[in-house]
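Visitor: missing the sequence, but the structure's below:
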């Protein structure tokens, strides 16, 4: 994550937040994470009651946000989590952790 490109960082944060806005996508990401960080497309789809097109649509949104990536292994797609994209969300949330400390410093 580059600190010098605020516009790019904001766009990346927006993409991550938008992707995580849907409960099915949060569940897909959590499932892949709990399964060791990578799963096949069929393995992911098999864990959900959604139709295959719905599941793949959710996976494409996660990929577009950079949260998942895939590689082809023969006829199979293996999806992996890109944890670095979650750093955008962690950075944004850290503003709330530091807010009381910053206010206290300004009062001194």
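Guide: Looks like it came in fine. Computed from a prediction, not measured in an experiment: that's the story for all the values here.
Visitor: drop to CA atoms for contacts and neighbour counts, all remaining ones
Guide: Fine.
Visitor: give me the residue at the spatial middle of this structure.
Guide: The centre of the chain sits closest to residue 67, judged by CA atoms, centre = their mean, with a distance of 3.7 Å.
Visitor: show me the contacts for that one.
Guide: For residue 67, the contacting residues are 16, 29, 81, 82, 83, 85, 86, by CA atoms under 8 Å, 6 or more residues apart in numbering.
Visitor: filter those to the buried ones?
Guide: Buried subset of these (neighbour count, 16 or more other CA atoms under 10 Å): 16, 29, 81, 82, 85, 86.
Visitor: next, count neighbours for residue 58.
Guide: Neighbour count of residue 58, defined by other CA atoms under 10 Å: 18.
Visitor: low-confidence regions, this protein specifically.
Guide: When residues are selected by pLDDT under 70, those of the chain lie in 1-4, 98-108.
Visitor: show me where it has strands.
Guide: Assigned by DSSP state E, the strands in the chain fall at 38-40, 68-73, 76-81.
Visitor: adding distance to residue 48, write those out as CSV.
Guide: Formatted as CSV, the strands of the chain follow (distance: least, CA to CA, whole Å):
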stretch, distance to residue 48
strand 38-40, 13
strand 68-73, 17
strand 76-81, 16
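Visitor: hang on, the earlier thing: got phi/psi on the residue nearest to the centre of the chain?
Guide: Main-chain dihedrals, residue 67, degrees, to the nearest 10: phi -80, psi -30.
Visitor: chain neighbours aside, what residue packs nearest to it?
Guide: Leaving aside its sequence neighbours, residue 67 sits nearest to residue 82 (CA to CA, 6 or more residues apart in numbering; 5.1 Å).
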